[in-house]
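Participant: Okay, predicted coordinates and the sequence, questions at the end:
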Amino acid sequence: MSKKYSSQIANMLVSHMEDCEYKYEFDRDNGIIRLNFAMEGKIKKIKFIINITEWGFVTYGCIDMDVDEEQRKEVAEFLTRVNYHLSLGCFDMDFSDGEIRYRFYVDCDDCTTSSTVIEDSMNIAIQMYGKYGDSLLRVMFGMESAEEAYKAVENK
């Protein structure tokens, strides 16, 4: 059974992917676009999943590492400290498997959106992983507490 989503929004996103010559996959049954971006730094790649809905789309920027169970509470605290100060999107962690993602929603109800907004939906995740990624990894691997890691990145 196919998921219901806006074909207009899907066409707009696919057109943008084509215009930018991105390598992507489009799951037409579920309204999901998948693509990867390389990064510099300790986090080398972000996997993007763009979930198209009837009214807009949600961009999820996921990293290829899951948080070990014993570190999930500390990582959750770190992400909560970070999220408190963010105005565009937020970090999420799935407590059942430790998946981390950056989530950004674009409302397209009764309007279309620009290529700039589509790019921003991905670039914001790239910027957030660029700013917080190294500290996130230190917390994930037990090298720093959530508070220490957050203070260190905010003092830069």
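Facilitator: Arrived safely. On a predicted model such as this, the values are computed, not experimentally measured, just so you know.

Participant: Quick one: mean pLDDT over the longest helix along the chain.
Facilitator: Looking across the chain with DSSP state H, the single longest helix is helix 115-140. Helix 115-140 carries an average pLDDT of 95.

Participant: What ranges does the protein have for its strands?
Facilitator: For the chain, the strands defined by DSSP state E cover 24-27, 32-38, 45-52, 56-62, 90-93, 100-107.

Participant: Ok, which of those comes nearest Met143?
Facilitator: In terms of CB to CB, the element of the strands of the chain nearest to Met143 is strand 100-107, at 16.4 Å. Every C-beta, even on glycine, is put in place using the N, C-alpha and C of the backbone.

Participant: what separates the closest one from the chain centre, distance-wise?
Facilitator: The chain centre lies 5 Å from the centre of strand 100-107; the measure is CA atoms, centre = their mean, to the nearest Å.

Participant: Run the angle between that strand and helix 115-140 for me.
Facilitator: 160 degrees (axes from the mean of the first three to the mean of the last three CA atoms, to 10 degrees).

Participant: one step back: of all the strands of the chain, which one comes closest to Ser6?
Facilitator: Ranking the strands of the chain by distance to Ser6, with CB to CB as the measure, places strand 45-52 first at 6.4 Å.

Participant: and the closest one, average pLDDT?
Facilitator: 97.

Participant: so who does the closest residue to Val153 other than its chain neighbours touch?
Facilitator: The shortest distance from Val153 to any non-neighbouring residue, by CB to CB, 6 or more residues apart in numbering, is to Ser135 (4.4 Å). Ser135 sits next to 78, 144, 149-150, 152-153 when contact means CB atoms under 8 Å, 6 or more residues apart in numbering.

Participant: No further questions, thank you.
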